[in-house]
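In: I would like the atomic coordinates for the input below:
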Amino acid sequence: MVADAAKTFLITGVSSGLGRAFAIGALEAGHRVIGTVRRAGDAELFAALAPGRAHPIVLDVTDYDAVPDALAEVERRVGAIDVLVNNAGYGHEGAVEESSMDDLQRQFAANVFGPVAMMKAVLPGMRARRSGHIVNVTSMGGFITMPGIAFYCGSKFALEGISEALGKEVAGFGVRVTALAPGQFRTDWAGRSMDRTPRSIADYDAVIDPIRAARQAKSGHQPGDPARAAEVLLALVAAEDPPTRLFLGEDALGLVTRKLEAMRAELAAWDGVSRSTGFAA
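Out: Numbering: from 1, shown residues only. Predicted coordinates:
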């Protein structure tokens, strides 16, 4: 299939999971895809998907200093980047009290600072051309929260906020920004890709252990189809008026809806207190 208007996508983390599905979907639609990988062997496999249109780049997005030069070089070879999909990242599981500050720093390096470095690298070109679309893959965990993945949720909350604010900064330049927030998809996110802090405080057994066991049991059986997520991505970047935020999956919609209802109820219950802090008339 050849796209009506072929675009150049830059997708981070195309070796597996949603990143690979996004890349395959874009390639099958006739687009060009620059895909970041962390190993030379993965680069060869990616290039073989569509010779001449699949362009691998070996890059760790947390190597912030390397990002600008790497992207400038690939743009010289392939052409201007029309769509950036910040997909690379991982999940950290562990109670806050049991997890280290190093765990937190690594989580934010991959899920927040790396994506920001990528955005800063592509924005000058997009701004100059007065066109472009940045899609930041966040999570339903960037709006709802679950015990045991506080660092992950915090990183995705941060990326959601940056995405929304950036969208307002660049809207006048013809650049769109969307936070794409998946629910549970059938990837390795909850399996081998998950970084799990060992349990150490017995008081948290009743909270963390059942959730950890359920997450591991569900790995490989999640309801979301990555190929269908890729179809949504293509529709999103083709839309004349793309959304600021798009949740993927019935599970995400259900949990987000329940949180919104709870927020409305809490706002109403504490309305008088919220309004009580101004200077007396």
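In: mind listing the strands in the stretch 151-281 of the chain by residue range?
Out: Using DSSP state E, counting those that start in this stretch, the strands assigned to the stretch 151-281 of the chain run over residues 175-182, 195-196, 245-248.
In: Rounded mean pLDDT for the second one, please.
Out: Strand 195-196 shows an average pLDDT of 91 in the prediction.
In: picking that back up, same list, the strands of the stretch 151-281 of the chain, but as CSV with distance to H221 please.
Out: Using the backbone N, CA and C atoms, a C-beta is placed for each residue, glycine as well. Below are the strands of the stretch 151-281 of the chain laid out as CSV (distance: least, Cβ to Cβ, whole Å):
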stretch, distance to H221
strand 175-182, 16
strand 195-196, 19
strand 245-248, 17
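In: need those strands in TSV with distance to R20 and mean neighbour count, can you?
Out: Converted to TSV, the strands of the stretch 151-281 of the chain look like this (distance: least, Cβ to Cβ, whole Å; neighbours: other Cβ atoms under 10 Å):
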stretch	distance to R20	mean neighbour count
strand 175-182	14	24
strand 195-196	20	15
strand 245-248	16	21
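In: now for those strands, which one comes closest to L233?
Out: Evaluated with Cβ to Cβ, the strands of the stretch 151-281 of the chain place strand 175-182 nearest to L233, the distance being 7.0 Å.
In: weakest of the strands of the stretch 151-281 of the chain in terms of mean pLDDT?
Out: When the mean pLDDT of each of those is compared, strand 195-196 ends up at the bottom with a mean of 91.
In: So what are the sheet partners of it and their directions?
Out: According to DSSP bridges, the neighbouring strands of strand 195-196, each with its direction, are strand 92-93 (parallel).
In: Now do the strand it pairs with: distance to the chain's middle.
Out: Its chain's average C-alpha position is 16 Å from that of strand 92-93, according to Cα atoms, centre = their mean, to the nearest Å.
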